[in-house]
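Visitor: can't give you the sequence, but here's the structure:
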């Protein structure tokens with residue numbers, strides 16, 4: 001017998017979510033909160049900082065990430081503030097091209113074409129949209145220090161400007177980054193399986209005219225020790241330059257070495273008066289994945305759940321793909337179309353995507369920069385061979401441009417009622 005409208009209303013009321021706590025006001029936390037709020041779910045965002053993090057960090061949003069930003073209603077603002085890159089090009093140390101992957105092979109109005117914008121600017125755009133949602137409250141200087149749960153709800157203990165408080169919700173989502181307190185509380189401070197790669201990177205944001213040397217939007221330079229990336233990240237010509245460094249130095253030592261390193265590795269061997277650095281940050285590269293992305297009513301997403309090196313954008317795009325997957329699961333529960341067990345499927349599938357795609361692909365992207373001869377790589381590296389073939393094979397070119405769509409997964413197929 002068909003379910004009546006009143007029966008369906010009772011079913012939805014019984015399963016609907018009254019409140020979700022999102023810990024972390026970074027890109028994944030803000031985006032998830034906006035998606036949930038626009039679909040009628042009350043959200044509290046708790047963040048230990050004073051405001052949106054202004055560190056620029058990553059900047060490239062591949063098609064799976066663009067799809068979620070479009071679904072959240074923010075993509076037009078992001079495109080207006082950023083730009084759509086033409087290509088990625090791998091180069092020899094002298095700057096001559098080895099192979100390119102072209103994104104302008106996609107139609108100019110293709111909805112999910114890659115977009116570039118520094119992460120702090122994207123976060124501010126999403127935050128501005130959140131201000132229009134009456135179902136969202138953002139609480140700054142709220143640092144989670146402990147957690148608890150039972151069958152009916154989850155809670156967090158939070159240090160706030162007015163003292164220690166307890167916040168409760170149906171679910172708590174850890175979007176609080178690589179040093180996630182939610183993950184540490186669930187599994188222990190040292191239980192983040194994986195490794196730190198034996199490599200040091202220094203990321204800088206710099207104004208320097210790379211176009212005079214024939215550089216394109218994103219450039220990867222192959223070299224055993226001087227491998228680096230040069231990528232335009234704003235329409236006005238700000239570039240991200242991330243380069244190899246010797247491990248084990250202090251942040252101050254890396255900053256002192258920066259002028260010498262730029263002169264050694266960049267085209268034109270520029271001196272400090274020829275460029276303007278707006279940000280410099282050394283960091284280690286890690287490949288890690290949490291034991292589970294779900295423990296009862298606690299869930300993890302993005303960097304709180306998994307880490308990879310930055311070459312190829314798999315960390316940022318993979319994290320936003322997590323958000324889209326988790327949103328589909330939660331909205332399915334909220335509307336009575338899915339049972340709570342879909343969250344186990346979320347953990348299972350997203351972890352498998354990390355191990356099958358994100359971890360091996362990001363490792364290979366890094367290896368590609370330093371572990372092969374730039375002079376012979378064009379004919380030996382399978383990706384470069386495909387890129388060169390794609391220059392005359394339009395369908396292969398489109399396939400490469402959309403390759404990261406493999407990070408997406410349709411969780412609505414696990415809905416138990418439609």
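Guide: The structure has been received and is ready for your questions. If you're wondering where the values come from, they're calculated on a predicted model, not measured in any experiment. Residues are numbered from 1 along each chain as shown.

Visitor: which one is the residue most central in space within the chain nearest to, not counting chain neighbours?
Guide: The centroid of the chain falls nearest to residue 316 when counting by C-alpha atoms, centre = their mean (1.5 Å). For residue 316, ignoring the flanking residues on the chain, the nearest one in space by C-beta to C-beta, 6 or more residues apart in numbering is residue 58 at 4.3 Å. (Each C-beta comes from the backbone N, C-alpha and C, glycine too.)

Visitor: give me the nearest residue to residue 410, chain neighbours excluded.
Guide: residue 328 (7.7 Å).

Visitor: if we can go back for a sec, for the residue nearest to the centre of the chain, give me the pLDDT.
Guide: As predicted, residue 316 sits at a pLDDT of 94.

Visitor: now do the contacts for residue 75.
Guide: Applying C-beta atoms under 8 Å, 6 or more residues apart in numbering, we find residue 75 in contact with 66, 69, 115.

Visitor: wasn't the residue nearest to residue 316 part of a helix?
Guide: No: Residue 58: not assigned to a helix; according to DSSP: H, G, I helix; E, B strand; the rest coil it is coil.

Visitor: for it, give me its contacts.
Guide: Each residue near residue 58 by C-beta under 8 Å, 6+ apart is listed here: 119, 310, 313, 315-316.

Visitor: that one and residue 151: what is the separation?
Guide: The gap separating residue 58 from residue 151 is 38 Å, by C-beta to C-beta, to the nearest Å.

Visitor: what's the answer for residue 265, then?
Guide: Applying C-beta to C-beta to residue 265 and residue 151 gives a distance of 57 Å.

Visitor: neighbour-wise, which of those two wins?
Guide: residue 265 (19 against 6; other C-beta atoms under 10 Å).

Visitor: mind putting the contacts of residue 58 into JSON lines with secondary structure and distance to residue 95?
Guide: Output for the contacts of residue 58, formatted as JSON lines (DSSP: H, G, I helix; E, B strand; the rest coil; distance: C-beta to C-beta, whole Å):
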{"residue": "119", "secondary structure": "helix", "distance to residue 95": "28"}
{"residue": "310", "secondary structure": "coil", "distance to residue 95": "22"}
{"residue": "313", "secondary structure": "coil", "distance to residue 95": "22"}
{"residue": "315", "secondary structure": "helix", "distance to residue 95": "27"}
{"residue": "316", "secondary structure": "helix", "distance to residue 95": "27"}
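
Visitor: need the buried ones from those residues selected in ChimeraX.
Guide: Remark: buried members of the contacts of residue 58, expressed as a ChimeraX selection using 16 or more other C-beta atoms under 10 Å:
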select :119,310,313,315,316
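
Visitor: between the contacts of residue 58, which sits nearest residue 216?
Guide: residue 313 (16.1 Å; C-beta to C-beta).

Visitor: could you find the closest non-adjacent residue to that closest one?
Guide: The nearest residue in space to residue 313 (C-beta to C-beta, 6+ apart) is residue 60, at 4.4 Å.

Visitor: hey, where'd the helices end up in the stretch 101-250 of the chain?
Guide: Assigned by DSSP state H, counting those that start in this stretch, the stretch 101-250 of the chain shows helices spanning 119-130, 181-187.

Visitor: for those, give me JSON lines that also has distance to residue 102 and mean pLDDT.
Guide: Converted to JSON lines, the helices of the stretch 101-250 of the chain look like this (distance: least, C-beta to C-beta, whole Å; pLDDT from 0 to 100):
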{"stretch": "helix 119-130", "distance to residue 102": "24", "mean pLDDT": "96"}
{"stretch": "helix 181-187", "distance to residue 102": "38", "mean pLDDT": "98"}
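
Visitor: can you tell me which of the ones you listed comes nearest to residue 280?
Guide: The nearest among these, by C-beta to C-beta, is helix 119-130 at 15.0 Å.

Visitor: what is the distance between stretch 279-293 and the centre of its chain?
Guide: 11 Å (C-alpha atoms, centre = their mean, to the nearest Å).

Visitor: make that stretch 17-35, sorry
Guide: The answer for stretch 17-35 is 15 Å, by C-alpha atoms, centre = their mean.

Visitor: ends of that stretch, how far apart?
Guide: Here the two ends of stretch 17-35 are set 14 Å apart, with distance taken as C-alpha to C-alpha, to the nearest Å.

Visitor: and stretch 78-89, by the same measure?
Guide: 24 Å.

Visitor: and if you look at stretch 398-412?
Guide: 26 Å.

Visitor: next: stretch 85-101.
Guide: Where stretch 85-101 begins and where it ends lie 11 Å apart, using C-alpha to C-alpha.

Visitor: please report how far the residue nearest to residue 313 lies from residue 312.
Guide: Residue 60 sits 9 Å away from residue 312, going by C-beta to C-beta.

Visitor: quick revisit: now the helices of the stretch 101-250 of the chain in a markdown table, with distance to residue 305?
Guide: Compiled in a markdown table, these are given as follows (distance: least, C-beta to C-beta, whole Å):
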| stretch | distance to residue 305 |
| --- | --- |
| helix 119-130 | 18 |
| helix 181-187 | 7 |
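
Visitor: no further questions, thank you.
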